[in-house]
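Trainee: give me coordinates for this.
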Amino acid sequence: MKQYRITFGHIQVGELGRTYLDEALNRNWVSEGPNVKAFEAGFAGRFGYGQAIATSSGTDAGIVAYCSLLELGARRGDEVITPALAFTATANCILAAGLVPKFVDVELETLNIDPSLVESAITSKTRAIQVVHTMGKPCKMHEILEIARRHNLPVIEDCCEAHGASLGGRIVGSFGSLGLFSFYAAHLICSGEGGMIVTSDEHLATLCRSIRTHGRRGGHLYFHFDRVGFNSKMNDLEAAIGREGLEMFDWTFNTRRRHLLRLLDMLSPLQGHLILYSDGRDEVISPHAFALVIRDKNNSVEGLYRYLEDRGIQCKTLFGSLPTQHKAFVFLGYKEGDFPVAERIGQTGLHFGIHQYLTDEDIDYAAESIRAYFA
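Mentor: Prediction:
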């Protein structure tokens, strides 16, 4: 395995996490238990969400959330509007619930769904609008919510990359009917794997708790199955690690924000070459990773990607257009050119890690490497 100086994500389990792990092992029960309950309560309380429902992954959080729409009148084959530029799980969870992703292009200046294109994508089969706070940058929620209100549609927020991000002082995940989170290694709160659904709607919370537990009634262990469901529960070992991550959140967030702002400052002289992503008006970006896009749309990011990888900086592309640049979604019938902005970002964008275990010297090294490439 290649040795990187700057990895995309990293996990260290400290004393507190090991204590919670040991407690679970000493109970001789590591399926959903006290750690999961404490993690759910702590997550909801820390960020001000009404309820939090822990799941086995962020993707499962999405599958459960979209299956809840079927309980509210959606039918299999109905549509969910979703951004063309995103991690593949955003579309996969819609498909896994029996619904169809209706892709909409994004904005170059935010990487997020373009509100001006949403309304024209709504049809008689539309049952929800999914927004993704890409790279931790909040979507234009006020515009999205107004469109949703006019068409009586729920909004589901994918906040997997946006732990702690806010817009106008309001935390992401609290704008829509449901918010979705992932606790994979690269994210600000990590439990190894795992996810969370948040909502202030009691009925939706009840549905999601049932669906993620085989469709059981009220979460009871008795065999009363009221609906089709799955085994999408988080286990107590994952929750033990997540509880520690939650208690360390402020340190993690502030350290990553320092790295993000340091990079933005050091690379600001390169804005003739690069599009960089900083806080907009009334925004606080969650420092998930560092994203950049080559300003020349006719160029490719491949050279910079290889250069940084050769210097020990682990990179990932900036997702690209799911419906037209990834073979997995060819069956949906879209063609190249349908999503010009997402496709352009797919050709010219990348991101790399700024996690809390990196040092200031590591961040300086990343900035110096990018400057050296353009020099």
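
Trainee: how is this protein divided into domains?
Mentor: 15-247, 250-374 (automatic domain parsing).

Trainee: can you tell which of those domains is closest to Phe8?
Mentor: With distances scored as CB to CB, the stretch of the domains of the chain nearest to Phe8 is domain 250-374 (4.1 Å). All C-beta atoms are positioned from the backbone trio N, CA, C, and that covers glycine.

Trainee: and the closest one, how far out from the chain's middle?
Mentor: 15 Å (CA atoms, centre = their mean, to the nearest Å).

Trainee: and if you look at stretch 238-257?
Mentor: 16 Å.

Trainee: in that stretch, what counts as buried?
Mentor: Residues of stretch 238-257 classed as buried by neighbour count (16 or more other CB atoms under 10 Å): 238-249, 252-253, 255-257.

Trainee: and the end-to-end length of it?
Mentor: Length of stretch 238-257, first residue to last, CA to CA, to the nearest Å: 25 Å.

Trainee: contacting residues around the lowest-mean-pLDDT helix or strand in the chain?
Mentor: Every helix and strand of the chain was ranked by mean pLDDT, DSSP states H and E. The lowest is helix 15-26, at a mean of 94. For helix 15-26, contacts defined as CB atoms under 8 Å, 6 or more residues apart in numbering pick out 13, 30, 33-35, 236-237, 239-241, 243-245, 247.

Trainee: try 7 Å this time
Mentor: The set of residues external to helix 15-26 that reach it, using CB atoms under 7 Å, 6 or more residues apart in numbering, is Val30, Gly33, Asn35, Asp236, Leu237, Ala240, Ile241, Arg243, Glu244, Glu247.

Trainee: against Arg18, how distant is the first one?
Mentor: For Val30, the distance to Arg18 (CB to CB, to the nearest Å) stands at 14 Å.

Trainee: these two: which is more packed in?
Mentor: Legend: neighbour count by other CB atoms under 10 Å for Val30 and Arg18, higher for Val30 (16 against 13).

Trainee: settle this for me: the more buried one is touching Leu237, isn't it.
Mentor: Yes: in this structure Val30 lies within contact range of Leu237 using CB atoms under 7 Å: 5.2 Å.

Trainee: just give me the residue right at the centre of the chain.
Mentor: Ranked by distance to the mean C-alpha position of the chain (CA atoms, centre = their mean), the top residue is Cys160 at 2.1 Å.

Trainee: can you pull the contacts of that one?
Mentor: Contact partners of Cys160, counting by CB under 7 Å, 6+ apart, are Gly58, Leu180, Phe181, Ser182, His187.
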